[in-house]
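Student: Curious how this folds, go ahead:
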Amino acid sequence: MAKIIGNPLPNIPWQEKPANLDAPVWRYTENPIINRHDQKNANSIFNSAVVPFEDGFAGIFRCDSRSVSMDIFPGFSKDGIHWTISDKPVSFEGDPEVTKREYRYDPRVLKMDGKYYITWCNGAHGPTIGMAWTEDFKTFHQMENAFLPYNRNGVLFPRKIGENYMMLSRPSDTGHTPFGDIFCSQSPDLTYWGKHRWVMGIVNGDESAWQSKKIGPGCVPIETDEGWLMIYHGVINTCNGFVYRIGIALLDLDEPWKVKGRSRNYILGPEELYECVGDVPNVTFPCAALTDSATGRIAMYYGCADTVTGLAFTTVDTLLDYMREYPL
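Tutor: Numbering: from 1, shown residues only. Below you'll find the model as predicted:
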């Protein structure tokens, strides 16, 4: 049995797998847990990230406004399911050359070195990876942007690997990127990034067509005794447009640009009405996963149709067994 390396989380949100379900991931029966108007001026709330905080949970939420501008907002929850999201976006302290806002979306958040680090897609003459830290989800300190434009889906690893911090990302362009592979970059100080290594790319042909157009990192990688479990999104271009699904891969613990395993099948895709109908139809997009090292449980938060937020459940053994049953 695989083991999650990390802290126990006895209050992780959880539902048992339905007895008649033949799938590696199962949805929360009360999805969506966050609806599109669950914040004062929101048009939609999706592609957001959460983390254990004090005796409950905190999060950074993408809330597109009713003027359809994109920004990120702090929120808090006692149980990880029922959330109170601020009506005011995150206000950053830092260098005015860096903190000036064009747009902000698709955040990730993790705890590392005693601080909570946030990454997001930051408008800075085109999309790049913004970075910040907080200790209380009230005061936020913005750091230098990690990369030159154009880049999306910046996901930090939750600890140094060797002497360096590491981050996954997907180089992109200015628009609705019609291409994309995953890369791993290294930094000694979370400011200067280099040693960029290709991790993995799209799959040509019909062997795994759900990820034939582009892929990108999703949740913060989960450390296990077998490697880093990466939950990512993959896209296919169909006659009805792009369809986003969720997959898994296992990366080497010491050299995480080396792929040890990858599933041919997706683990979750748009099937329910709230995943198929919305501002952008047919999207399931992972941004966060809570883990309990004591039980191996995983609670995954994902954006649905670029409109609402869903919650799904699995275990580390379930995912790794599924990857080995259907390898790429």
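Student: how near is residue 291 to residue 91?
Tutor: In this view, residue 291 and residue 91 are 30 Å apart by C-beta to C-beta, to the nearest Å. (C-beta placed from N, C-alpha, C; glycine too.)
Student: how about the residue lying closest to residue 276 once chain neighbours are set aside, what does it touch?
Tutor: Setting aside the residues directly before and after it, residue 276 is nearest to residue 270 in space (C-beta to C-beta, 6 or more residues apart in numbering), at 4.9 Å. Taking C-beta atoms under 8 Å, 6 or more residues apart in numbering, we find residue 270 in contact with 243, 244, 245, 276, 281, 282, 283, 284, 304, 305.
Student: in the helix ranked longest in the chain, what's buried?
Tutor: As assigned by DSSP state H, the longest helix anywhere in the chain is helix 316-325. Within helix 316-325, the residues that count as buried by 16 or more other C-beta atoms under 10 Å are 316, 318, 319, 320, 322, 323.
Student: can I get those in CSV with pLDDT and distance to residue 20?
Tutor: CSV is the format used below for the buried residues of helix 316-325 (pLDDT from 0 to 100; distance: C-beta to C-beta, whole Å):
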residue, pLDDT, distance to residue 20
316, 98, 23
318, 98, 16
319, 98, 20
320, 98, 23
322, 98, 17
323, 98, 23
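Student: Distance of residue 58 relative to residue 85?
Tutor: In terms of C-beta to C-beta, residue 58 sits 11 Å off from residue 85.
Student: picking up where we left off before, mind putting the buried residues of helix 316-325 into TSV with distance to residue 176?
Tutor: Converted to TSV, the buried residues of helix 316-325 look like this (distance: C-beta to C-beta, whole Å):
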residue	distance to residue 176
316	33
318	33
319	29
320	33
322	30
323	29
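Student: between these, which is nearest residue 113?
Tutor: Of all the buried residues of helix 316-325, residue 316 has the smallest distance to residue 113: 24.3 Å, by C-beta to C-beta.
Student: isn't the closest one right up against residue 222?
Tutor: Yes - Residue 316 sits in contact with residue 222 when judged by C-beta atoms under 8 Å, with a separation of 7.1 Å.
Student: which residues do those two both contact?
Tutor: Residues touching both residue 316 and residue 222 (C-beta under 8 Å, 6+ apart) are 4, 229, 291, 298.
Student: from those, which is closest to residue 111?
Tutor: Among the shared contacts of residue 316 and residue 222, residue 291 lies closest to residue 111 (C-beta to C-beta), at 12.1 Å.
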